[in-house]
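Asker: Next comes the sequence, and after it the predicted model I'd like to discuss.
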Amino acid sequence: MITDKPLTGNIKPGGPPCNLKEYEMSGGYLGLRKALAEHDPHKVVDLVNAANLLGRGGAGFPAGKKWSVVPMGNSAPHPKYVVCNFDEMEPGSFKDRFLVEGDPHQLIEGMIIAGYAIEADIGYIFIRKDYIEIDRILKDAIKEAYAKKYLGRDILGSGFNFELHVHSSAGRYICGESSALLNALEGGRAIPRGRPPHMSSVGLWGKPTIVNNVETICNVPHILAHGPEWFKGLSYTNEGGTKIYSMSGRIRKPGAWELPMGTTLRELLDGYAGGMQDGYKFRAAMPGGASSELITAEHLDTKMDFASMRSIKSHLGTGTVIVLDNRNCPVGMILSLQRYFSRESCGWCTPCREGLPWIVQILESLEDGKGTPDGIEILLEHTEMLGTGNTFCTLAPAAMFSLKSALNLFREDFDKHVYMQRCPWK
Amino acid sequence: MCLRMLTVRDMLSQEEKIEIEQHISKAPTMKAAAIDVLKTVQRHRGWVPDDALEEAAVMLSMTPAELDSIATFFSLIYRKPVGKHVILVCDGVCCWLVGYEDIRKRLMDRLGITFGETTNDGKFTLIQSACLGACENAPAMMIDDQLYIKLTPDMVDAVLVGY
């Protein structure tokens, strides 16, 4: 069945998850059958490359390119691993939960195809602890898939073997950093790894590994079933496919929607989220969850894809929009975000471990009416000192995106906190 | 290490030991079972006491310090006693934007404790949690395994009565 909403076609919000039979009726596992019967692993990577599927976890790195550097053939080390990053703990992000709670087999099929593409032996789905219900849904679906021989030995008579496991973690945002996630899977502290070596060669237990986001993997079966040209046609831009966009904040209908990649913020806000709630006005939005820069109304008509968001000095990130209204204090919002990043820092590198709490302290002083002009200068300094290249991983630089953009857009509000010696919103 | 093993008290129940052995036998390495083992202890006891951690470490062929370094890293492994029910209140920015402060205040008022504390009767522990991933239904909180969404202060009262 060809559709313009491949990812969510089977999802009945509020209803039970799509079971194996329903999934197969809708064309499920057709992509896997095609991959195994018609293509060798290299061809699968080529198709994903041709589809221009960019990583949906936030970085926007081409999935096919990531897969194409994994050592292949007889001389490659085994076991090789495919790991799905389902840690989804970033404030604003719930798209992966939305996908898997409605259609778990889509993720499972994608994992098997990804496994075939890199000649992997084992797959792990790394899920955050709080997603208890989804953990159960996934495990039930995996049982169904094993019973139907989609998983295990000699899948569908192809000779390809693939085992799939779910690992439920114990709560830490840094697990979403893919190398930290591997350390957590190995049973250690989730601290990011230095690179090189890259995980594609030296990953989980030192073996070649790819780590992809849930939404990225969910797209793979559809690319195999319908081809890269069809996939590219789903998008408004040259970045292939649809995108699960979501929106939260003081809007009328918060939710998640599958729309063509490149849908504008205005379409999302007015068309799908029903506009702002009565009495609230739009002030700014973070287009890509907590790790993205605030943008204002002048960019409402910018296409929401990776390249366009970069061109206005923001990030598409996870495409999970957070809207700031006129009745919430921007300094308070930034404080909430920085508290989060500060607490979730793994503590490994000094700038992040020490810098983020310092930022929180200054923002708290502003909100408590004890701010000083020096404090704002120190904040500005931190946006550089904790910026890209100065820390071990991207947690602190990503935290600086919101702070830097807020200081740039709402400097007056920060200054007001100082000279009024109180939060004007309180 | 051998001496250490001899001093470990028999703290874990038979049931816990069986579950732990199962996790270890299924894991690709012993260490990889660490989180599942800690969760097993916590499911039986509500939290992970020192004695249990030490004994579990021996079963995992780890030093207690190494297992503790993992236990203390992950926020949902409790190394201090918690109440019968743990209330995780989402403090993500989306909950903040739609007025989670009223929810927090109501919880603290009703329970007579602040975040990080347990009620005198040992019934509830209040913890602020990383984003619960319920942003479209904010504000949200979780009590044990149950998620509560679109909260209002009055709903908090109604929910608490059920425990």
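Answerer: Yes, it's here.

Asker: where's the spatially most central residue of chain B relative to chain A, distance?
Answerer: The residue lying closest to the centre of chain B (CA atoms, centre = their mean) is B:Leu76, at 4.2 Å. Distance, B:Leu76 to chain A, by CB to the nearest CB, to the nearest Å: 4 Å. In short, each C-beta sits where N, CA and C put it, glycine included.

Asker: Surely that residue touches A:Gly171?
Answerer: Yes. Counting by CB atoms under 8 Å, B:Leu76 does reach A:Gly171; the two are 3.5 Å apart.

Asker: Spit out the residues that contact the two alike.
Answerer: Common contact partners of B:Leu76 and A:Gly171 (CB atoms under 8 Å, 6 or more residues apart in numbering or on different chains): A:Lys129, A:Asp130.

Asker: do the one helix or strand B:Ala57 maps to and chain A meet at all?
Answerer: Per DSSP states H and E, B:Ala57 falls inside helix B:50-59. No. Judged by CB under 8 Å from any CB of the partner chain, helix B:50-59 stays clear of chain A, getting no closer than 11.9 Å.

Asker: Which residue does the stretch 301-426 of chain A have closest to chain B?
Answerer: Minimum separation of the stretch 301-426 of chain A from chain B (CB to the nearest CB) falls at A:Ser336, amounting to 4.2 Å.

Asker: Helix, strand, or coil at that residue?
Answerer: Following DSSP: H, G, I helix; E, B strand; the rest coil, A:Ser336 is assigned to helix.

Asker: need the contact list for it.
Answerer: By CB under 8 Å, 6+ apart, A:Ser336 lies in contact with B:Asp91, B:Gly92, B:Val93, B:Trp96.

Asker: would you turn these into JSON lines with pLDDT, neighbour count and distance to chain A?
Answerer: Formatted as JSON lines, the contacts of A:Ser336 follow (pLDDT from 0 to 100; neighbours: other CB atoms under 10 Å in any protein chain shown; distance: CB to the nearest CB, whole Å):
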{"residue": "B:Asp91", "pLDDT": "91", "neighbour count": "23", "distance to chain A": "7"}
{"residue": "B:Gly92", "pLDDT": "94", "neighbour count": "31", "distance to chain A": "4"}
{"residue": "B:Val93", "pLDDT": "96", "neighbour count": "32", "distance to chain A": "5"}
{"residue": "B:Trp96", "pLDDT": "96", "neighbour count": "24", "distance to chain A": "4"}
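
Asker: nearest to B:Gly116, of the residues you listed?
Answerer: B:Asp91 (12.5 Å; CB to CB).

Asker: Correct me if wrong: the closest one contacts A:Arg339.
Answerer: Yes. With contact defined as CB under 8 Å, B:Asp91 counts as touching A:Arg339 (7.3 Å).

Asker: Report the central residue of chain A.
Answerer: Taking CA atoms, centre = their mean, the centroid of chain A lies closest to A:Gly57, which sits 2.6 Å from it.

Asker: Pop out the phi and psi values for the spatially closest residue to that residue that is not a sequence neighbour.
Answerer: Leaving aside its sequence neighbours, A:Gly57 sits nearest to A:Asn213 (CB to CB, 6 or more residues apart in numbering or on different chains; 3.2 Å). Backbone geometry at A:Asn213, expressed as degrees, to the nearest 10, gives phi -70, psi 160.

Asker: Check whether A:Asn213 really touches A:Gly55, as I assumed.
Answerer: Yes. Applying CB under 8 Å as the test, A:Asn213 and A:Gly55 come out as touching, 6.0 Å apart.

Asker: By mean pLDDT, flag the weakest helix or strand of chain B.
Answerer: Using mean pLDDT, DSSP states H and E, helix B:2-7 stands out as the lowest-scoring helix or strand of chain B, at a mean of 50.

Asker: Next secondary structure element downstream of that one?
Answerer: Using DSSP H and E, the helix or strand that follows helix B:2-7 towards the C-terminus is helix B:14-26.

Asker: Against which helices or strands is that following helix packed?
Answerer: helix B:34-45, helix B:50-59 (3 or more CB pairs under 8 Å, 6 or more residues apart in numbering or on different chains; DSSP states H and E).

Asker: Need these in JSON lines (columns: mean pLDDT and mean neighbour count).
Answerer: Listed next are the helices and strands packed on helix B:14-26 as JSON lines, based on pLDDT from 0 to 100; neighbours: other CB atoms under 10 Å in any protein chain shown:
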{"stretch": "helix B:34-45", "mean pLDDT": "97", "mean neighbour count": "22"}
{"stretch": "helix B:50-59", "mean pLDDT": "96", "mean neighbour count": "20"}
